[in-house]
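J.: here is my input; please provide its structure:
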Amino acid sequence: MIGKQTKGTSFRGVLNYLHNKPEAKLIGGNMVGKTPRLLAAEFGVARQLNPRLKKAVYHASLSLLVKERLEDEQWQEIAADYVKGMGFERSQYVVYRHGDREHDHVHVVASRIRIEDGTTVNDSWDYRRSEKLIRELEEKYELEPAPSSRALERRGQTTGEQRQLARTGEKSVREKLQTIIDQATAHRLTLAQLTKQLGRQGVEVKIARTRNGAVRGISYGLDGIAFSGTHLGKAYTYPGLHKYRGVEVEAKAETIKANALPKTEELRIETARSCETLTPEQREKALTILLGAVKLLDKALKTQEAELVGEGQWQLTGNYYRLRLTTATQTLSIEALDGRGELVRAKISSESSKNEVEMAQELTQEDIEKFQRIEGILKEIEKKAQKQPREVIEMEIG
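T.: Just a heads-up that it's a prediction; the model follows:
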């Protein structure tokens with residue numbers, strides 16, 4: 001069985017598409033409606049519980065090999081098991097069966113919003129979880145195993161590579177790269193962590209960017225030979241690393257106006273945590289970090305390196321940290337990309353005459369040492385900006 005999945009924003013759109021297909025039949029689910037209009041209205045009830053979630057639509061297709069065919073009742077059971085296995089047992093869902101293709105298949109549409117409390121179904125590693133679940137369903141229902149998506153996501157051997165393996169017993173550089181990356185992404189990583197891990201094995205990772213800072217592509221080099229992600233397979237491209245391997249990559253960079261950052265270095269850090277939990281040394285170090293972050297974001301905006309991630313929201317992502325500024329609330333936060341989450345949050349105030357620090361959460365000595373490099377980075381940015389003010393300047397946070 002082969003499974004595919006997507007997320008979207010319009011229940012009515014996907015339901016109209018599935019319902020109006022030739023030989024389409026609604027065969028299962030846990031909803032009352034029988035038409036796209038009524039079903040969309042039902043899905044809308046859950047959507048009101050979590051209006052901030054834009055992509056609330058989960059759409060999966062499950063397809064058999066051409067020689068296999070099931071009854072509606074069997075498809076209903078498989079779909080129910082799939083829905084439960086993917087975490088949608090407390091969500092609304094419907095199942096459509098289509099007869100417009102040579103292979104027997106069904107479509108599952110589910111809400112990513114749980115109907116009982118409005119929480120969101122976690123989509124972490126959903127491609128891998130789906131793959132594992134489908135293998136289990138094949139065994140349970142005695143279905144013919146289909147090629148794994150992982151095999152389809154990587155390019156197969158060329159004729160020359162097959163001959164080389166037969167002649168020398170050694171895999172090509174391209175196949176070695178595929179294997180190394182597959183092993184490295186067996187566990188969830190950030191792109192920075194993946195790059196560091198691959199570097200230990202002699203693999204050089206390069207990310208190509210446009211003049212505006214947007215990512216054009218990624219390449220991998222080993223033994224003096226480099227391949228683009230596309231030449232390894234769709235799972236090794238920049239977006240594919242996130243989609244198929246669960247690697248956390250940067251958001252899409254967009255051009256923003258210079259001088260968007262408030263001109264101030266007067267900070268007050270606000271949090272629910274008591275200042276008594278911090279030593280004077282911690283407060284001093286936290287303040288140093290935040291002042292450096294303000295300067296860093298200001299410079300980044302001028303050189304168009306920061307990312308516009310929402311209305312009035314900019315962020316700058318590096319190998320170890322993410323700096324985020326929200327101009328509406330004049331809030332600056334520093335987030336660690338190693339899973340610890342937000343370390344420091346500051347409220348920028350042009351009226352305050354004092355620099356009071358009330359929180360520096362989970363800062364380590366390593367954090368402090370990395371952030372002390374900010375001043376040096378800033379000088380490099382400023383120096384390059386003076387020489388080539390219209391060029392995007394690559395940099396690394398930490």
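J.: tell me which stretches of the stretch 51-200 of the chain form helices.
T.: 72-85, 126-140, 149-153, 159-168, 173-184, 191-200 (DSSP state H, counting those that start in this stretch).
J.: and the longest one, what's buried?
T.: The neighbour-count criterion (16 or more other C-beta atoms under 10 Å) identifies 126-130, 133-134, 137-138 as the buried residues of helix 126-140. For the C-beta atoms, the positions are set from N, CA and C on the backbone; glycine is no exception.
J.: same question for the first one.
T.: Using 16+ other C-beta under 10 Å as the burial criterion, the residues of helix 72-85 that qualify are 75-80, 82-83, 85.
J.: what is that helix packed up against?
T.: strand 25-29, strand 57-63, strand 93-98, strand 105-111, helix 126-140 (3 or more C-beta pairs under 8 Å, 6 or more residues apart in numbering; DSSP states H and E).
J.: redo the ones you listed as JSON lines? Include distance to residue 39 and mean pLDDT.
T.: Shown next, in JSON lines, are the helices and strands packed on helix 72-85 (distance: least, C-beta to C-beta, whole Å; pLDDT from 0 to 100):
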{"stretch": "strand 25-29", "distance to residue 39": "9", "mean pLDDT": "94"}
{"stretch": "strand 57-63", "distance to residue 39": "12", "mean pLDDT": "93"}
{"stretch": "strand 93-98", "distance to residue 39": "6", "mean pLDDT": "95"}
{"stretch": "strand 105-111", "distance to residue 39": "8", "mean pLDDT": "95"}
{"stretch": "helix 126-140", "distance to residue 39": "23", "mean pLDDT": "88"}
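J.: now these in TSV, please, with extra columns for distance to residue 173.
T.: Listed next are the helices and strands packed on helix 72-85 as TSV, based on distance: least, C-beta to C-beta, whole Å:
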stretch	distance to residue 173
strand 25-29	48
strand 57-63	35
strand 93-98	43
strand 105-111	38
helix 126-140	26
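J.: the ones you listed: which one's closest to residue 11?
T.: strand 57-63 (5.6 Å; C-beta to C-beta).
J.: tell me the domain boundaries of this protein?
T.: Listed by automatic domain parsing, the domain ranges of the chain are 2-146, 152-245, 267-387.
J.: mind listing residues that contact stretch 14-28?
T.: 8, 34-36, 39-40, 57, 59, 72, 75-76, 79-80, 94-100, 106-107, 109 (C-beta atoms under 8 Å, 6 or more residues apart in numbering).
J.: list the beta-bridge partners for the residue lying closest to residue 80 once chain neighbours are set aside.
T.: Nearest non-adjacent residue to residue 80, counting by C-beta to C-beta, 6 or more residues apart in numbering: residue 28, 7.1 Å away. Here residue 28 sits in beta bridges with residue 95, going by DSSP bridges.
J.: mind listing the strands for this protein?
T.: Taking DSSP state E as the criterion, the chain contains strands spanning 2-8, 25-29, 57-63, 93-98, 105-111, 204-209, 215-222, 225-228, 267-268, 307-310, 313-317, 321-326, 331-336, 341-348.
J.: got those as CSV, with distance to residue 177 and mean neighbour count columns?
T.: Output for those, formatted as CSV (distance: least, C-beta to C-beta, whole Å; neighbours: other C-beta atoms under 10 Å):
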stretch, distance to residue 177, mean neighbour count
strand 2-8, 26, 15
strand 25-29, 43, 18
strand 57-63, 30, 21
strand 93-98, 39, 23
strand 105-111, 34, 24
strand 204-209, 10, 14
strand 215-222, 5, 17
strand 225-228, 6, 15
strand 267-268, 45, 20
strand 307-310, 28, 17
strand 313-317, 25, 21
strand 321-326, 28, 22
strand 331-336, 29, 19
strand 341-348, 32, 19
